[in-house]
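A.B. asks: give me coordinates for this.
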Amino acid sequence: MTGRVLLAAAALWVATGPAQAQLPRQNPADCKGQPELKPLEPLSVTTPKGAFKFMVEIADSPREREFGLMCRKGLAADRGMLFVFPKADFQAFWMRNTLIPLDIIYIGPDGAVVSIVRNARPLDERPLPSSAPAQFVLELAAGRAAQLGLLPGDKVQHRAIPVG
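C.D. replies: Residues are numbered from 1 along each chain as shown. Predicted structure coming up:
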């Protein structure tokens, strides 16, 4: 990632803050998040190793995106959460009130992976920016991106992502 892109992403994060900026830090022992968002929807990821299917929660409202997977105590290997934004922009996620490690996959408007944050640490409040504009963000259990061989340029398919 070039310094200029990183600086632009950091400046955007400082200017607008992450979506979760309004939520206070919670004690992990009694953390209260949102219930599982239903219905779960099918999503697939295609890498050189093949196509992998997941059932994902959809966070497409500001409130759902704000809470995300906060306070969850686990995430099955075949589950995840897809964050859907109105338009592509630099995104920056953090792990406030997030109790489990995650892989954060930033996806462009065409369904191509633009960047991946692997093994984001629970409760870490540092911004984890995308390296390019992303309209979708997929959170999976930490380590899944590596297991799938997921790399930038690989494709994600879901009804909300236009077929490119």
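
A.B. asks: find the nearest non-adjacent residue to Leu138, please.
C.D. replies: Spatially, and ignoring its direct neighbours in sequence, Leu138 is nearest to Ile105 (4.3 Å; Cβ to Cβ, 6 or more residues apart in numbering). Yep, even glycine has a C-beta here, placed from its N, CA and C like the rest.

A.B. asks: could you do Arg144 as well?
C.D. replies: Asp103 (5.6 Å).

A.B. asks: show me what the helix or strand containing that neighbour pairs with in its sheet, parallel or antiparallel.
C.D. replies: Element membership for Asp103, per DSSP states H and E: strand 102-107. Strand pairing for strand 102-107, determined by DSSP bridges: strand 113-120 (antiparallel), strand 134-141 (antiparallel).

A.B. asks: turn the ones you listed into a markdown table, columns for distance to Arg65 and mean neighbour count.
C.D. replies: Listed next are the strands paired with strand 102-107 as a markdown table, based on distance: least, Cβ to Cβ, whole Å; neighbours: other Cβ atoms under 10 Å:
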| stretch | distance to Arg65 | mean neighbour count |
| --- | --- | --- |
| strand 113-120 | 16 | 19 |
| strand 134-141 | 9 | 24 |
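
A.B. asks: out of those strands, which gets nearest to Ala59?
C.D. replies: strand 134-141 (8.7 Å; Cβ to Cβ).

A.B. asks: skip ahead from that closest one and say which helix or strand is next.
C.D. replies: helix 144-148.

A.B. asks: by contact count, what packs against the helix or strand following that following helix?
C.D. replies: As assigned by DSSP H and E, the chain's next helix or strand after helix 144-148 is strand 155-157. In terms of contacts (3 or more Cβ pairs under 8 Å, 6 or more residues apart in numbering; DSSP states H and E), strand 155-157 is packed against strand 41-47.

A.B. asks: re the thing from before, can you state the direction angle for the strand holding Asp103 and strand 41-47?
C.D. replies: On the basis of axes from the mean of the first three to the mean of the last three Cα atoms, to 10 degrees, strand 102-107 is oriented at 80 degrees to strand 41-47.

A.B. asks: contacts for strand 102-107 next, please.
C.D. replies: 69, 75, 91, 93, 95, 113-120, 128, 130-132, 134-146, 150, 156, 161 (Cβ atoms under 8 Å, 6 or more residues apart in numbering).
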